[in-house]
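Asks: Provided below for reference: sequence and predicted model.
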Amino acid sequence: MAAGVSQLQDASWQDRALIAIKKKDGTVKQFAGLTQEIDLPDLSRDVEGQPVMNGGRVRENSAEDDFEVTLTLYPIGVLTGDGSTRPEGVGEWFLSSEDLSGSGEGARFEPSLERYDFGVAVMWTNVDGDLNSTSPVKATSEIDSSTDGFVGAALRWVFTNGQVTEFNQDFGDMVHTAEVTFKFSPYDEVGDANYFNESTQDTSTESLPEVLADY
């Protein structure tokens, strides 16, 4: 089994997760090698019973709440990179100016009124990249669990049209970390969903498609 796959153990996903973040119309960047912890969203669509005169109650639905995805990172720079290597950080995404450095200088960003949209994919899978149509396997990859007779499993969350709303850095215990929060609405302005959850079982030959390719 390849080093990058998740462990499906005692009926739970453990040890590893694949994380991909894509700036809209940009390049997919792989964040598992920068992330120490990820907090998945608390999804909520509440209902409240209103009393009526006969002693009964009429249920009133509340709109589904906005939600957040938070990553605890070990940033070593301001740049996210070109997507081909481990990102250095996410400072440029939050500050959102262009690179203001001069010729021969290191990267420098300042706060800007510009705000970017992002897609985030988080996946657990025990499908080896060598047995998948895309190698190595990534959070956005197509998962073909029936290749070469191998049967594997995958669970994936995909969120789109979010923005970076918090960038909290810390040097506690003399280790530089940062908590980065992406905030999403459950639907866009025309009512299309901004997130989905998908999986394929380890007892089936079903596949999952590539995601965020056209985002």
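Replies: Alright, I've got the coordinates. Remember, predicted model here, so these are calculated numbers, not experimental data.
Asks: what about Gln163, how many neighbours?
Replies: Per other C-beta atoms under 10 Å, the neighbour tally for Gln163 reads 16. C-beta coordinates here come from the backbone N, C-alpha and C atoms, glycine included.
Asks: So for Lys183, what's the nearest residue that isn't a sequence neighbour?
Replies: Thr165 (4.4 Å; C-beta to C-beta, 6 or more residues apart in numbering).
Asks: Low-confidence regions, the chain specifically.
Replies: 1-4, 129-135, 145-151 (pLDDT under 70).
Asks: how about the helices in it?
Replies: Along the chain, counting by DSSP state H, helices occupy 91-95.
Asks: which residues of it fall in strands?
Replies: For the chain, the strands defined by DSSP state E cover 7-9, 12-14, 18-23, 28-30, 35-39, 47-51, 57-61, 67-73, 118-125, 143-144, 154-170, 177-184, 195-200, 207-208.
Asks: tell me the most buried of these?
Replies: Of the strands of the chain, the one with the most neighbours on average (mean count of other C-beta atoms under 10 Å) is strand 118-125, at a mean of 24.
Asks: what comes into contact with that strand?
Replies: 5-6, 8, 13, 16-24, 38, 40, 69, 93, 137, 139-141, 143, 152-164, 182, 211-212, 215 (C-beta atoms under 8 Å, 6 or more residues apart in numbering).
Asks: With stretch 88-97 instead?
Replies: 23, 34, 73, 75-81, 99, 107, 109-112, 114-116, 118, 164, 167, 178, 180.
Asks: And the residue nearest to Lys183, how far from Ala193?
Replies: 20 Å (C-beta to C-beta, to the nearest Å).
Asks: Also Gly104?
Replies: Gly104 is 46 Å from Ala193, by C-beta to C-beta.
Asks: Check Pro51 too.
Replies: Applying C-beta to C-beta to Pro51 and Ala193 gives a distance of 33 Å.
Asks: how about the closest residue to Glu210 other than its chain neighbours, phi and psi?
Replies: Closest residue in space to Glu210, ignoring its immediate chain neighbours: Glu142 at 4.4 Å, by C-beta to C-beta, 6+ apart. Dihedral pair for Glu142: phi -70, psi 140, per degrees, to the nearest 10.
Asks: show me the contacts for Leu208.
Replies: With C-beta under 8 Å, 6+ apart, Leu208 has these contacts: 142-143, 154, 156, 198-200.
Asks: Let's see that with 6 Å instead.
Replies: Contact analysis of Leu208 by C-beta atoms under 6 Å, 6 or more residues apart in numbering lists 143, 154, 198, 200.
Asks: Isn't the last one up against Arg156?
Replies: No - applying C-beta atoms under 6 Å as the test, Thr200 and Arg156 come out as separate, 9.1 Å apart.
Asks: quick one: buried residues of stretch 71-89?
Replies: Across stretch 71-89, burial judged by 16 or more other C-beta atoms under 10 Å covers 71-73, 75, 78-81, 87-89.
Asks: now, among the contacts of Leu208, which is nearest to Ser62?
Replies: Distance to Ser62 across the contacts of Leu208 (C-beta to C-beta) is lowest for Glu198, with 26.2 Å.
Asks: residues contacting the closest one?
Replies: 156, 208.
Asks: Please apply the same query to Lys29.
Replies: Here Lys29 is in contact with 21, 80, 83, 87 (C-beta under 6 Å, 6+ apart).
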